[in-house]
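Trainee: Kindly generate the corresponding structure for this input.
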Amino acid sequence: GAQVVGLTYAEYARRGFFELVTVSALVLPVLLAGDWLLRNEPHGHQRVFRMVAAVLLGLLAIVMASALRRMRLYVAEYGLSEIRLYSTAFMLYLAAAFAWFACTALRGARRRFAFGVLVQGFATLGVLHLVNPDALIVRTNLARPVSQRPFDGWYAASLSADAVPVLLEALPRIDPPARCSVGAGLLAQRHDLEQDDWRNWNLSRARARRLLQDHWQRLQADACEAPKS
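Mentor: Model (predicted):
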């Protein structure tokens, strides 16, 4: 596999990314606690804290940029997955939260910080909903050269019903080994969807069920046996 100074890309990118995310996530409570503890201190003390915090945020921006670069390397080498997508989204949310902290708490507008971070959180969830994460994962992985790393059909077919339309549309273009695993995985998902009752109903699952019913014969022709665990 690809090596980065004795480490594989997986070790270099995955370990480094999550360590840096952890460090970044721990800094915000420390800054908030420091700002709160100094709220009644002389303005000189508060000014020193804000200068130190500004320097820390600048260094943290470098750390977060490094973390995102590591994740980009990881995705380029191994493809996109749910954990990689959501971890990146969380890191971007943290970056926005730190920027908002600099614009509010460090400028004496502490009370505006919490509401802004809450709005950013809802905005992040809204963007994730709009981009349709599972469909995005499939599209991203399908766009990668097959020579770089084969498309993981079993993983793609294990994603939610949101990925079904993209997989069915791309099925003729997928290389045969991956196509057989996609076919088998989608047939298994069709069986699961047919067991649905009104409590699990949603538009995405209903659409996937209809599409799989329309294409089940083609999927049977392409399907192969699932790998033994």
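Trainee: CA atoms for contacts and neighbours, from now on please.
Mentor: OK.
Trainee: which residues of the chain score low on pLDDT?
Mentor: The model of the chain has pLDDT under 70 over residues 1-16, 146-148, 223, 225-229.
Trainee: Pop the domain breakdown of it in here.
Mentor: Domain assignment for the chain by automatic domain parsing gives 3-110, 135-222.
Trainee: would you list these in JSON lines and tack on distance to A123?
Mentor: Below are the domains of the chain laid out as JSON lines (distance: least, CA to CA, whole Å):
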{"stretch": "domain 3-110", "distance to A123": "9"}
{"stretch": "domain 135-222", "distance to A123": "18"}
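Trainee: Identify whichever of those lies nearest to L125.
Mentor: L125 lies closest, by CA to CA, to one member of the domains of the chain: domain 3-110, at 9.1 Å.
Trainee: Could you dump the domains of the chain into CSV and include distance to L118 and mean neighbour count?
Mentor: Formatted as CSV, the domains of the chain follow (distance: least, CA to CA, whole Å; neighbours: other CA atoms under 10 Å):
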stretch, distance to L118, mean neighbour count
domain 3-110, 9, 16
domain 135-222, 25, 17
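Trainee: and L128, which of those is closest to it?
Mentor: domain 3-110 (8.1 Å).
Trainee: Test my guess that R110 contacts W100.
Mentor: No - assessed by CA atoms under 8 Å, R110 is found out of contact with W100, at 10.2 Å.
Trainee: What ranges does the protein have for its strands?
Mentor: 3-4, 7-8 (DSSP state E).
Trainee: any idea which residue of the protein is furthest from its center?
Mentor: P42 (43.0 Å; CA atoms, centre = their mean).
Trainee: if I look at that one, how far off is A135?
Mentor: Distance of P42 to A135, computed by CA to CA, to the nearest Å: 54 Å.
Trainee: what does A161 give?
Mentor: Applying CA to CA to A161 and A135 gives a distance of 9 Å.
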